[in-house]
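Participant: This is a predicted model, with the sequence first.
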Amino acid sequence: MQVRDTIVAVSTPPGRSGLGVVRLSGADSCRIAAMILRFRPDHEWKPWTATLAELIDPNSNVVDQVVATYYAAPRSYTAEDLVEISCHGAPVVLRFCVERACAAGARLAEPGEFTLRAFLNGRIDLPQAEAVRDLIDATTLYQARVAAQQVEGSVSRRLRPIKEQLLELIALLEAGIDFAEDDISVASADDILGRLNPIAGALQALLSTFDYGKMVHSGVTLAIVGRPNVGKSSLFNRLLEQDRAIVTDIPGTTRDLVSEVAAIDGIPIRFVDTAGIRPGQDLVETLGIERSYQAMADADVTLVVIDLSQRIQPDDMALIDRAKRQGRHIVVGNKSDLPRVAEIVEEFLPVSAVTGEGISPLREKIVPAGAHEQDSGFITSIRHEQLLRETLDALDHSRAAAEAGLPHEMLLLDLYAALRPLDAITGATTADDILNRIFSTFCIGK
Ligand SMILES: Nc1nc2c(ncn2[C@@H]2O[C@H](COP(=O)(O)OP(=O)(O)OP(=O)(O)O)[C@@H](O)[C@H]2O)c(=O)[nH]1
Ligand SMILES: [Mg+2]
């Protein structure tokens, strides 16, 4: 992939629409646009100004009336010269416009290449580029808002001071080694640990935001399980606020998985209603029950429903145990509107699918509100999570090395290993970065 050529692509989704935008980016954008468009005779390219023009074919026939907007480098999305041509959104017109641009010297852009260029030209860093994709993929406004903050650089902002502290420690140890005979004192183990611990602590805190960040990014799959007739489908409908699944008083009504997405607090939740679990039924129901177990295994959260108007049965307890072993689960006692017969199992949330009692607390349990007061500064990307773990592992090693009094050369190896994953998120640290720090923090020049 060459970065110096001019690329072109349709930036709006495929299909027919009111308008469709063709985007050109690269040094030749204006020249190419001028070859395929006809402007008024006195036209001059004025940056950040929209101009009416005609899209013409090789015989100078007008194909569409368009608006061309020129963004001058470096103040454009890609930090290159960029021209956006707003055509009417007929797929043939858009395709024609792109073909004409290619004939005039542009190259068809690869997927994501406009954002790649913004990154390569240093206008955005990697977390920002990743956030652009999240912003485009957002299905709730809240997801969009979080992604927009990350496009603004919220992840790097939070990482920068941590990385800074790590670099300072590296510089301190490097200076101790390289300039030992000058009057630089070698850092003590206590000193090193005193610097390492806050770094590890801050990273740990950032890492712990991923539980919530993961929900924001990918949503939550929630399986509703329980014995037949406890009211799973009723609860499913109540949570969705629509009459989606069939409800009857016949045990074994639901036989297959039924799923639907709804948002709670801006987080998309895939609710999965399942077949009631009981032993020894006909083939169809047995197959359905297998799917219930599978849904439970696949879910991020399992909602185990018990019927408070009946005695607790071994099947209820078996399901609660299974859910516990598999991860996050919530036990709800349904039919709280009826006289209670069930003896207290462990902690459960009383609800009534019929009256709606307990549904708000249940929603709150599914998506804990205020898990993070600020919208930003948490990590949502599994790539970032894994890299932060690598850094923490390497910091653990360096802590052990410092405690064991190993030579600083050894310690530095671990510290550089801790730095590398951070670099993979925020961009590489150069030898100069470290040297500058050594020379600015310590007056070695004398
Ligand atoms: N009083 C009362 N009845 C309820 C409540 N929830 C469900 N029911 C009734 O319980 C019966 C079974 O409800 P469903 O929602 O079909 O139960 P299910 O768990 O999906 O049952 P299966 O699909 O057979 O496993 C229906 O007659 C519901 O009207 C509740 O909170 N209170
Ligand atoms: Mg059901």
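Facilitator: Here it is on my side, so go on. Numbers count the residues shown, from 1 in each chain. Ligands and ions are numbered 1, 2, ... in the order given.

Participant: helix or strand for whichever residue of the stretch 301-446 of the chain sits closest to ligand 2, which one?
Facilitator: Shortest the stretch 301-446 of the chain-to-ligand 2 distance, computed as C-beta to the ion: residue-wise this is V305, at 9.8 Å. From N, CA and C alone the C-beta is placed, and that goes for glycine too. Counting by DSSP states H and E, the element that carries V305 is strand 301-307.

Participant: what lines up beside that strand in the sheet?
Facilitator: Listed by DSSP bridges, the sheet partners of strand 301-307 and their directions read strand 220-226 (parallel), strand 329-334 (parallel).

Participant: helix, strand or coil for R278?
Facilitator: Counting by DSSP: H, G, I helix; E, B strand; the rest coil, the backbone at R278 sits in coil.

Participant: Please work out which residues outside stretch 193-207 touch it.
Facilitator: Around stretch 193-207, the neighbours that count as contacts under C-beta atoms under 8 Å, 6 or more residues apart in numbering are 158-159, 161-162, 165-166, 168-169, 172, 377-379, 385, 388-389, 391-392, 395-396, 398-399, 402-403.

Participant: Mind exporting the C-alpha coordinates of that stretch to PDB?
Facilitator: Taking only C-alpha atoms (Å, rounded to 0.1, in the frame of the first residue of the first chain), the coordinates of stretch 193-207 have been written out as PDB:
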ATOM      1  CA  LEU A 193       9.500  -0.300  44.800                       C
ATOM      2  CA  GLY A 194       8.200   3.000  45.900                       C
ATOM      3  CA  ARG A 195       8.000   4.000  42.200                       C
ATOM      4  CA  LEU A 196       6.900   0.600  40.900                       C
ATOM      5  CA  ASN A 197       3.900   0.200  43.100                       C
ATOM      6  CA  PRO A 198       1.900   3.300  42.100                       C
ATOM      7  CA  ILE A 199       2.500   2.400  38.400                       C
ATOM      8  CA  ALA A 200       1.200  -1.100  38.900                       C
ATOM      9  CA  GLY A 201      -1.700   0.300  41.100                       C
ATOM     10  CA  ALA A 202      -2.800   2.800  38.400                       C
ATOM     11  CA  LEU A 203      -2.700   0.100  35.700                       C
ATOM     12  CA  GLN A 204      -4.600  -2.300  37.800                       C
ATOM     13  CA  ALA A 205      -7.300   0.400  38.300                       C
ATOM     14  CA  LEU A 206      -7.500   1.000  34.600                       C
ATOM     15  CA  LEU A 207      -7.600  -2.700  33.900                       C
END
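
Participant: mean confidence score for it?
Facilitator: Stretch 193-207 comes out with an average pLDDT of 94.

Participant: got it, and stretch 76-93?
Facilitator: 96.

Participant: For the residue in the stretch 151-300 of the chain that ligand 1 sits nearest to, list the residues it contacts.
Facilitator: For the stretch 151-300 of the chain, the residue closest to ligand 1 is G276, as judged by C-beta to the nearest ligand atom, at 2.5 Å. Contacts for G276 (C-beta under 8 Å, 6+ apart) come out as 226-230, 232, 251-254, 289, 292.

Participant: which one of the residues you listed has the most neighbours?
Facilitator: For the contacts of G276, neighbours were counted using other C-beta atoms under 10 Å, and K232 has the most, 32 neighbours in all.

Participant: Tell me the residues of the stretch 101-250 of the chain that contact ligand 2?
Facilitator: Taking C-beta under 5 Å from the ion as the test, the list of the stretch 101-250 of the chain residues beside ligand 2 reads 232-233.

Participant: For ligand 2, give me its nearest residue in the stretch 101-250 of the chain.
Facilitator: Sorted by distance to ligand 2 under C-beta to the ion, the residues of the stretch 101-250 of the chain start with S233, at 3.2 Å.

Participant: what about the nearest residue to that residue once chain neighbours are set aside, how many residues close to it?
Facilitator: Sequence neighbours aside, A245 is the residue nearest to S233 in space, at 4.0 Å (criterion: C-beta to C-beta, 6 or more residues apart in numbering). Burial of A245, expressed as a neighbour count using other C-beta under 10 Å, amounts to 20.

Participant: Good, we can wrap up now.
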